[in-house]
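J.: for reference, the sequence and a predicted model appear below.
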Amino acid sequence: MAWAVAITLATLPRALRVIYPEVWIEDAKYLYHAYALSVGQQPYIDGVYAHPPTFEGVLAILYRLTGAGYRIAEYFSASIVALGTLLLYDLCRRMTGRWVALAACAVFSFSPLLFRYHVYEREVFTVFLATAAFWVQTAWPNPTKSAFFTGVIAGLAVTIKLSAFFYLPPLLLVYLMRRSLRQAAICLGAFVIVGCGAWIFIFSYYGWTAYFQNILFHFVKGGTPGLYSIFTTYVIPALNVILVSGSGGLLLGALLDRHDVLSAAALLLAEFVFFFTVISESVVPHNMIDLLLPLALGTGYGLGALAGVIKAKEVRWARVVIVVGSGLLFIPFGALKTEYISSGWGYIPRAELRSAAAFLKQHVPPDVPISAPQYLAAEARRIKIIDDRELAGPYMWMMQTLKEKGFEGLKQHKAFGSWGRLVVKTIPLWQFRVDQAINERKAGAVVWDSLFPEWRPYYLIDIEKEKCCRFFSSAGYKIRYQSGPFIIWLPNPG
């Protein structure tokens, strides 16, 4: 019965998301890069890759088998989240009991973050791998094999995103608290072979270009908005209910009970919070997905502790105050904001996206590049003139500044104030290439998209160019498609 409920909790939110008529695609670059890799383009060379290409490469393999389409990525992501939810349930069940574990399963599976980032987001897969690593570490009976595969899984997470390295210290902490030095060594060795081996291969194969994009580029992402602003704008509202339900259980398990897995979860939470609020140059809501695992574990442990107090018929006030009071502290700072929950359902009509992609497939030859949003280009299976309009300008600025002024010159990025301003200010560094392709009628299509937030500056620029000097019309382009948020310009025949 409990497993049936767990399966329902794991799959119901995913099913609702899949059938909802609008889709939320925030990091469309992953969809486009996967398509580009599937047709033979090279990471780092044909585009800007701020993370290892492993993540996009897996989807590229699926695209080669099934054909490119965001639905493939969405179904794949839904399957991973559902499986991770079940692993989380089994992990909590072993610590607290099955019915309490269902509550942890519910707050994880119904998190607004997993509703919003439902189409192929890096952190969705790293949090799955982290859950799998903790599950293998706890559930597998053979200690040697368990330690080895725990390290392998942690190493795989690092091939998706470098910050997934933060999973390793908590996993090793569990072994140290169990006084299993041999297992800790095996886990560490497996991690080094898989994770470090992958990074060594990337740097040796792609050279300095990979270093510039994967490492150095992350230090020029604009200024941080301030610690208080980060917490009240990103951390607390994004985590929402799970922060209220899980923080107390984490404190109880780590500080009072010295539970090995809860201590590791608390360390994991502390690592990520410190990194994204103090060290990192930028923070966005999807960075908080990694925190769902420790807070879900805290939810299960905290509710289990409260159930224990009730059964004992003896009020242990210290435990009650820690579990209940800790979470309530976050409510005045926006932990239960309903706007964040309701905003994550979607903003791109699926039918409009499907229709625009079909139009591009019909009217643009496969080998002719286009200027379009990444998610639409991937859905239409067409290559773009500029791989990533958001990253292209800042990366070009970084390389130009590095050449002229060296590493010291890169500190000037703080003068832009934010990542958004850096993106807008560096548009001229790549815009001329798109304009040249249009003037020479080498662009198979130009798409105006009025919806996607990251495309807003480019949309307004294109409108202004046509309004002021008839840029597109003079170049021989005409609007051939207009529906919903999409306007598509095609070159006139001949």
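T.: Done, it's in.

J.: tell me the first helix or strand C-terminal of the helix or strand bottoming out on mean pLDDT in the chain.
T.: In the chain, the helix or strand scored least confidently by mean pLDDT, DSSP states H and E is helix 338-343, which has a mean of 57. Per DSSP states H and E, helix 338-343 leads on to strand 348-349 as the next helix or strand towards the C-terminus.

J.: give the other helices and strands that that following strand contacts.
T.: Other elements packing on strand 348-349 under the criterion 3 or more CB pairs under 8 Å, 6 or more residues apart in numbering; DSSP states H and E are strand 22-23. Yep, even glycine has a C-beta here, placed from its N, CA and C like the rest.

J.: how far off centre is the strand it packs on?
T.: 17 Å (CA atoms, centre = their mean, to the nearest Å).

J.: packing partners of it?
T.: Here strand 22-23 is seen to pack against strand 348-349, helix 350-363 when contacts are counted using 3+ CB pairs under 8 Å, 6+ apart.

J.: which residues touch that strand?
T.: Residues outside strand 22-23 that contact it (CB atoms under 8 Å, 6 or more residues apart in numbering): 70, 74, 118-119, 345-350, 353.

J.: Arg94: which of these is nearest?
T.: Nearest to Arg94 among the contacts of strand 22-23: His118, at 28.3 Å, using CB to CB.

J.: where's the closest one relative to Arg480, distance?
T.: Distance check for His118 against Arg480: by CB to CB, to the nearest Å, it reads 32 Å.

J.: swap in Ser146?
T.: The separation that Ser146 has from Arg480, given CB to CB, amounts to 59 Å.

J.: I figured Thr150 hits Trp135, correct?
T.: No - the pair Thr150 / Trp135 is not scored as a contact, 9.2 Å apart, by CB atoms under 8 Å.

J.: who's more crowded, the two?
T.: Each of Thr150 and Trp135 had its neighbours counted (other CB atoms under 10 Å), and the higher figure belongs to Thr150 (30 against 21).

J.: for the helix or strand containing the more buried one, buried residues please.
T.: Secondary structure from DSSP H and E places Thr150 in helix 143-158. Applying a neighbour-count criterion of 16 or more other CB atoms under 10 Å, one finds 146-158 buried in helix 143-158.

J.: between these, which is nearest Val39?
T.: Leu156 (25.4 Å).

J.: break this protein into its domains for me.
T.: Domain assignment for the chain by automatic domain parsing gives 2-343, 349-491.

J.: single out the most deeply packed of those.
T.: Greatest average neighbour count among these goes to domain 2-343 (a mean of 20), per mean count of other CB atoms under 10 Å.

J.: list the contacts for the closest residue to Thr66 other than its chain neighbours?
T.: Here the nearest residue to Thr66 in space, its sequence neighbours aside, is Ile72; by CB to CB, 6 or more residues apart in numbering that works out to 5.4 Å. Contacts were defined as CB under 8 Å, 6+ apart; by that measure Ile72 touches 59, 62-63, 66.

J.: doesn't Ile72 belong to a strand?
T.: No - with DSSP: H, G, I helix; E, B strand; the rest coil as the criterion, Ile72 is helix rather than part of a strand.

J.: look up how far Ile488 lies from it.
T.: Remark: distance between Ile72 and Ile488 (CB to CB) = 24 Å.

J.: for the residue lying closest to Val241 once chain neighbours are set aside, list the residues it contacts.
T.: Spatial nearest neighbour of Val241, excluding adjacent residues (CB to CB, 6+ apart): Val107 at 5.9 Å. Val107 is in contact with 241-242, 245-246, 295-296, 299, counting by CB under 8 Å, 6+ apart.

J.: quick check: the farthest pair among the residues you listed?
T.: Taking every pair in the contacts of Val107 and measuring CB to CB, the maximum separation is 11.0 Å, between Val241 and Ala296.

J.: got the CA coordinates for stretch 359-367 in PDB?
T.: What follows is stretch 359-367 as a C-alpha-only set of coordinates in PDB (Å, rounded to 0.1, in the frame of the first residue of the first chain):
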ATOM      1  CA  PHE A 359       6.500  25.900 -40.600                       C
ATOM      2  CA  LEU A 360      10.300  26.200 -40.300                       C
ATOM      3  CA  LYS A 361      10.800  22.600 -41.300                       C
ATOM      4  CA  GLN A 362       8.700  23.100 -44.400                       C
ATOM      5  CA  HIS A 363      10.100  26.400 -45.600                       C
ATOM      6  CA  VAL A 364      13.800  26.300 -44.600                       C
ATOM      7  CA  PRO A 365      16.300  23.800 -46.100                       C
ATOM      8  CA  PRO A 366      18.000  21.700 -43.500                       C
ATOM      9  CA  ASP A 367      21.500  23.000 -44.300                       C
END
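
J.: residues in contact with that stretch?
T.: Outside stretch 359-367, the residues touching it (CB under 8 Å, 6+ apart) are 370, 372, 376, 380-382, 444-445, 447, 480-481, 488, 490.

J.: go ahead and confirm Tyr301 touches Leu251.
T.: No - counting by CB under 8 Å, Leu251 is not a contact partner of Tyr301; they are 9.9 Å apart.

J.: least confident pick among the contacts of Ile72?
T.: Within those, pLDDT reaches its minimum at Thr66, with 92.

J.: tell me how far that one lies from Gln436.
T.: Per CB to CB, Thr66 is found 35 Å from Gln436.

J.: what's near enough to touch Ala254?
T.: Contacts for Ala254 (CB under 8 Å, 6+ apart) come out as 262-263, 265-267.

J.: just the helices in the stretch 51-200 of the chain please.
T.: With DSSP state H, counting those that start in this stretch, the ranges of helices along the stretch 51-200 of the chain come out as 54-66, 70-96, 98-109, 112-116, 122-139, 143-158, 168-177, 181-191, 197-206.

J.: before we move on, back to that, ok, the residue nearest to Thr66 to Gly300 distance?
T.: Using CB to CB, one obtains 33 Å as the distance from Ile72 to Gly300.

J.: now Pro332
T.: Look at Pro332 and Gly300: by CB to CB, they are 25 Å apart.

J.: residue ranges with poor pLDDT in the stretch 251-400 of the chain?
T.: Counting by pLDDT under 70, the stretch 251-400 of the chain shows low-confidence ranges at 281-282, 313-315, 333-344.

J.: if we can go back for a sec, mind putting the contacts of Ile72 into CSV with distance to Ala318?
T.: Written out in CSV, the entries for the contacts of Ile72 read as follows (distance: CB to CB, whole Å):
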residue, distance to Ala318
Leu59, 48
Leu62, 51
Tyr63, 54
Thr66, 55
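
J.: for Gly420, state which of the residues you listed is nearest.
T.: Distances from Gly420 to these, taken as CB to CB, are shortest for Leu59 (27.1 Å).

J.: name the nearest residue to the closest one, sequence neighbours excluded.
T.: What sits nearest to Leu59 in space, not counting adjacent residues and going by CB to CB, 6+ apart, is Ala34, at 3.7 Å.

J.: before we move on, what SS does the closest residue in space to Tyr206 that isn't next to it in sequence have?
T.: The shortest distance from Tyr206 to any residue other than its chain neighbours is 4.9 Å, reached at Tyr44 (CB to CB, 6+ apart). The local conformation at Tyr44, judged by three-state DSSP, is coil.
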